[in-house]
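Chemist: sharing a sequence plus its predicted fold:
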Amino acid sequence: MDEQTPTPIKRDPFSTLGFIGEVLRGIGATLGLGILWALEIVRDRFFKLLDRLNFRPRRKRAGAFPPGRPKHRSVA
């Protein structure tokens with residue numbers, strides 16, 4: 001087995017502006033995850049309400065386009 005000598009790790013200290021930037025980045029990530037968590041709670045409660053009201057899912061598949069013939073548009 002070859003034993004390697006550990007290489008020392010050199011750290012560059014943060015500048016004041018860099019430190020503030022890292023703190024703001026952490027706050028933004030925390031807020032973003034908190035918003036996602038809150039939206040997940042709202043979504044869960046909405047679907048529980050639909051279950052309680054006994055709403056069934058759509059039988060007919062919803063399409064992106066309305067039924068009938070498409071309108072022909074003139075090119076100007």
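Modeler: Received the coordinates, thanks. For clarity, every value in this text was computed on a predicted model and none was experimentally measured.
Chemist: give me phi/psi at residue 73?
Modeler: Main-chain torsions, residue 73, degrees, to the nearest 10: phi -100, psi 140.
Chemist: any low-confidence regions in this protein?
Modeler: Applying pLDDT under 70 to the chain picks out residues 1-2, 57-58, 76.
Chemist: helices of that one, start to end?
Modeler: Using DSSP state H, the helices assigned to the chain run over residues 16-52.
Chemist: most centrally placed residue in it?
Modeler: Among the residues of the chain, the one closest to the centroid is residue 36, at 6.2 Å (C-alpha atoms, centre = their mean).
Chemist: any idea how far residue 29 is from it?
Modeler: According to C-beta to C-beta, to the nearest Å, residue 36 and residue 29 sit 11 Å apart. Any C-beta I mention is one placed from the backbone N, CA and C, and that applies to glycine too.
Chemist: what's the distance between residue 51 and residue 61?
Modeler: From residue 51 over to residue 61 (counting by C-beta to C-beta), the distance is 21 Å.
Chemist: out of those two, which sits in the more crowded spot?
Modeler: Taking neighbours as other C-beta atoms under 10 Å, residue 51 and residue 61 compare with residue 51 leading, 9 against 5.
Chemist: pretty sure residue 14 sits against residue 23.
Modeler: No: the pair residue 14 and residue 23 fails to qualify as a contact (C-beta atoms under 8 Å) at a distance of 9.8 Å.
Chemist: tell me the contacts of residue 30?
Modeler: Residue 30 sits next to no residue when contact means C-beta atoms under 8 Å, 6 or more residues apart in numbering.
Chemist: tell me how far the residue nearest to the centre of the chain lies from residue 28.
Modeler: 13 Å.
Chemist: what of residue 3?
Modeler: For residue 3, the distance to residue 28 (C-beta to C-beta) stands at 44 Å.
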